[in-house]
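Engineer: Give the three-dimensional model of this entry:
(chains A, B and C)
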Amino acid sequence: MLNFPTKIGDFIFEIQCTTNVFKEFLCTHFITLTKAQVQKPDITIVIKNNYGVPFVNYDVSTKSVDCKIFYKRADYLIEVNNLFQHAVISVHNELALKHALMNLFSAFLVHHNWGLLIHSSCAVELRVAHLFAGQSGAGKSTIARLSEPRKLLSDEASIIKITEDAVIVYDSPFRSELKPLHLQYAYPLKSIQFLNQALQNERVLINKADSLIQLIDKVFYWPYHSEETARIIQLLNLLVKQVPIYKLHFEKNNRFWELIS
Amino acid sequence: MERTKNPTGYQKPEVLSHQPVRFETAQSWNPGKGNLNHPGTGNDGVNWPPNNPNPTPGGAGAPGRGRGRGRKR
Amino acid sequence: MNVKYVQRDQCEATQLEDEWVILDTHLYTITKLNEVGGFCWSLLTQPRSLDMLVQAVTDKYNAKSSIETVQQDVENFLSDLISYGLLEHAS
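Structural biologist: Predicted coordinates:
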């Protein structure tokens, strides 16, 4: 049995593995906390392997019964109590584990009304964070590469804490290509860009209603209850009221940063 | 009822847009290759081959077939 | 007969600048209204007739259009909201 306490956002996750096959994956992507840093975990997750079949598709069925929520995909099954304190994740392989952890974590954030997991890359410039959102293929990874040597808080799924008076971004362990920085501090979010590859660089402010609507399908989330969906919209509402959102037309060089900073 | 002067005057009441709420449900393949084949609407995996194109756990997946907008110009 | 209309229970609205965004948590839809539409929507928390809405819109926005035009505009708007499942007839 592998015990792996880690921190994501403000939360302590106690991960317990019945096998060591995922040890390298966990150690590479997640911060390892010492015993002294772990007082009371916010959630305990037991990971089991030998579940299901290799990836078939992204269809996740959700159901909520007997104070438990289930998320089922061909290659993973998540079972979590409705207070999000205890979860069991059964997976087929490492890919399934990564996706299942993202699925669980996004639900955990919304359950706590803490924030959102947004499909985006995020870079730090002058101690503030700038987010670059878009569907796959829009250029998040390109933007991440072109933003070096700036710190990259994420290249796939940004962890955003949203309150009435602040929006801040944490280092994300949910990465596509780049390794996490394992930073234990967060940065205020200064802007969001929706990406559009173009022949010249241009940044255009988007009105707040359109910003909110266009952000919805950038939020990683697998709905199981309508109340949670309403909570996401409320969080996005708080987000767009505090952070300006732009459409960024960018060519493949780093000069788009001149429009941002 | 409060009367306020509206500088833009009367415009007919209108529904400007109406659409389903759809979240992102498609993560990337990891590590090594983003999911470039994803059609961008979230929620469906029907454009994927029936079997996992990422046979090695944690290994690089098969490259996408370019439905993304990352083409060279 | 003076038909009245009212918002359906499952709708949550928020005003952002001069537009309104309505979430329907049953049908999982999101709808954007312009300012005058949002004003009408805000009145529809209570059952309202077409005439009441037309009067309120005319008063608030000092509408110079003819009453028939405003009436037609509001009627079309209500019809759209009903077709999207956001409004119902008040019993």
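Engineer: okay, CA-based contacts and neighbour counts for the rest of this
Structural biologist: Fine.
Engineer: Kindly state the pLDDT recorded for B:E2?
Structural biologist: Looking at B:E2, its pLDDT reads 42.
Engineer: Likewise for C:N62?
Structural biologist: 82.
Engineer: In terms of secondary structure, what does whichever strand or helix holds A:L215 contact?
Structural biologist: Element membership of A:L215, judged by DSSP states H and E, is helix A:208-216. Here helix A:208-216 touches helix A:226-242, strand C:19-24, going by 3 or more CA pairs under 8 Å, 6 or more residues apart in numbering or on different chains; DSSP states H and E.
Engineer: Just name the most buried of these.
Structural biologist: Among those, strand C:19-24 has the highest mean neighbour count (mean count of other CA atoms under 10 Å in any protein chain shown), at a mean of 23.
Engineer: other SSEs contacting it?
Structural biologist: Against strand C:19-24 (3+ CA pairs under 8 Å, 6+ apart) you get helix A:208-216, strand C:11-16, strand C:29-33, helix C:35-43.
Engineer: at 10 Å what do you get?
Structural biologist: When contacts are defined as 3 or more CA pairs under 10 Å, 6 or more residues apart in numbering or on different chains; DSSP states H and E, strand C:19-24 sits against helix A:208-216, helix A:226-242, strand B:15-20, strand C:11-16, strand C:29-33, helix C:35-43.
Engineer: just to revisit the earlier point, now distance to C:I82 and mean pLDDT too, for the helices and strands packed on helix A:208-216, in CSV please.
Structural biologist: Output for those, formatted as CSV (distance: least, CA to CA, whole Å; pLDDT from 0 to 100):
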stretch, distance to C:I82, mean pLDDT
helix A:226-242, 21, 95
strand C:19-24, 13, 98
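Engineer: Make a markdown table out of the ones you listed and add distance to C:G38.
Structural biologist: Converted to a markdown table, the helices and strands packed on helix A:208-216 look like this (distance: least, CA to CA, whole Å):
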| stretch | distance to C:G38 |
| --- | --- |
| helix A:226-242 | 16 |
| strand C:19-24 | 5 |
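Engineer: Would you mind saying which of the ones you listed lies nearest A:V169?
Structural biologist: The closest of the helices and strands packed on helix A:208-216 to A:V169 is helix A:226-242. By CA to CA, the value is 11.9 Å.
Engineer: For that closest one, name the packing helices and strands.
Structural biologist: Using 3+ CA pairs under 10 Å, 6+ apart, helix A:226-242 sits against helix A:94-111, strand A:115-125, strand A:157-162, strand A:167-170, strand A:187-197, helix A:208-216, strand C:11-16, strand C:19-24.
Engineer: Would you convert the ones you listed into a markdown table that also reports distance to C:Y84?
Structural biologist: Shown next, in a markdown table, are the helices and strands packed on helix A:226-242 (distance: least, CA to CA, whole Å):
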| stretch | distance to C:Y84 |
| --- | --- |
| helix A:94-111 | 27 |
| strand A:115-125 | 28 |
| strand A:157-162 | 31 |
| strand A:167-170 | 33 |
| strand A:187-197 | 28 |
| helix A:208-216 | 17 |
| strand C:11-16 | 11 |
| strand C:19-24 | 10 |
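Engineer: So which of those is nearest C:F77?
Structural biologist: Set against C:F77 and scored by CA to CA, the helices and strands packed on helix A:226-242 come closest in strand C:19-24, at 14.0 Å.
Engineer: residue contacts, the residue lying closest to C:L81 once chain neighbours are set aside?
Structural biologist: The shortest distance from C:L81 to any non-neighbouring residue, by CA to CA, 6 or more residues apart in numbering or on different chains, is to C:L87 (5.7 Å). Going by CA atoms under 10 Å, 6 or more residues apart in numbering or on different chains, C:L87 touches C:5-9, C:11, C:41, C:44-45, C:78-81.
Engineer: With A:F220 instead?
Structural biologist: A:F220 neighbours (CA under 10 Å, 6+ apart): A:102-103, A:105-107, A:116-119, A:157-158, B:22-27, B:42.
Engineer: Now do it against A:A123, distance only.
Structural biologist: Computed as CA to CA, to the nearest Å, the A:F220 to A:A123 distance reads 19 Å.
Engineer: How about A:F30?
Structural biologist: A:F30 is 19 Å from A:A123, by CA to CA.
Engineer: Same question for A:V243.
Structural biologist: 15 Å.
Engineer: Output the below-cut-off pLDDT ranges for chain B.
Structural biologist: For chain B, applying pLDDT under 70 flags the ranges B:1-8, B:29-73.
Engineer: switch the cut-off to 90
Structural biologist: B:1-10, B:27-73 (pLDDT under 90).
Engineer: One more: the stretch 101-250 of chain A?
Structural biologist: In the stretch 101-250 of chain A (pLDDT under 90), the answer is A:134-142, A:144-145, A:148, A:175-185, A:197, A:224-227.
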